[in-house]
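Engineer: Got a sequence here, can you build the structure:
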Amino acid sequence: MSLARDVDGAGPRMSLDEVVAFLEREFPQIHHGGRSYHLEAVGPLTARMRMDHHERHLRPGGTVSGPSMMALADLVLYAAILAQIGPVGLAVTTNLSFNFLRRPGTTGLVAEARLLKLGRRLAVGEVLITAAGSDELVCHATGTYSIPP
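Structural biologist: Predicted coordinates for the structure are as follows:
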């Protein structure tokens, strides 16, 4: 049984290429300092994004920083929502919660988002982040987004 539903049952309104093009056009800031976020898939109530290893994502102690994982989780949830509702640039984050579970080290990360509820005004989802090449979770996040009318 699925925990989520989309607004009208029709499934994603935007393809992977359409979401990527929208982000490139409306949110180019995600690539400031060089491209490191790569949307790899969108599906019914889901999205997957990869964040490349880069020095700017590291913190002292030789591991990916919390703020970098936060940005990745926020961005992949936004992509999952966009794929479902279409090109709505003003869907905004209203809450994010993070559980950092283990050090990912100095590697790229993979984030899998799943929307738990998608209503007309709010979307709630979760993100599972793993180090590239590993199945062990390094971070679990949940988020809520406000969807404009």
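Engineer: which one in this structure is furthest away from the centre?
Structural biologist: Gly61 (25.2 Å; CA atoms, centre = their mean).
Engineer: The lengthiest helix in the chain: which residues count as buried?
Structural biologist: Using DSSP state H to define each element, the chain has its longest helix at helix 66-85. Using 16 or more other CB atoms under 10 Å as the test for burial, helix 66-85 gives 68-85. Backbone N, C-alpha and C define where each C-beta goes, glycine included.
Engineer: Could you identify the helix or strand that succeeds it?
Structural biologist: Beyond helix 66-85 in the direction of the C-terminus, DSSP states H and E gives the next helix or strand as strand 92-100.
Engineer: Can you show me the CA trace of that next one as PDB?
Structural biologist: Extracted in PDB, the C-alpha atoms of strand 92-100 (Å, rounded to 0.1, in the frame of the first residue of the first chain):
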ATOM      1  CA  VAL A  92       8.700  26.700  -0.700                       C
ATOM      2  CA  THR A  93      10.200  24.800   2.100                       C
ATOM      3  CA  THR A  94       8.300  25.300   5.400                       C
ATOM      4  CA  ASN A  95      10.100  22.700   7.500                       C
ATOM      5  CA  LEU A  96      13.200  20.400   7.300                       C
ATOM      6  CA  SER A  97      14.400  17.900   9.900                       C
ATOM      7  CA  PHE A  98      17.600  15.900   9.800                       C
ATOM      8  CA  ASN A  99      19.100  12.900  11.500                       C
ATOM      9  CA  PHE A 100      22.800  12.500  10.700                       C
END
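Engineer: Who does it pair with, and is each partner parallel or antiparallel?
Structural biologist: strand 137-146 (antiparallel) (DSSP bridges).
Engineer: show me where pLDDT drops low in the protein?
Structural biologist: Scanning the chain with the threshold set as pLDDT under 70 gives 1-10, 55-59.
Engineer: if we go to 50?
Structural biologist: Residue ranges of the chain with pLDDT under 50: 1-8.
Engineer: Centre-most residue in it?
Structural biologist: Val76 (1.2 Å).
Engineer: re earlier: distance of the residue farthest from the centre of the chain relative to Gly105?
Structural biologist: 10 Å (CB to CB, to the nearest Å).
Engineer: what do you get for Gly133?
Structural biologist: 11 Å.
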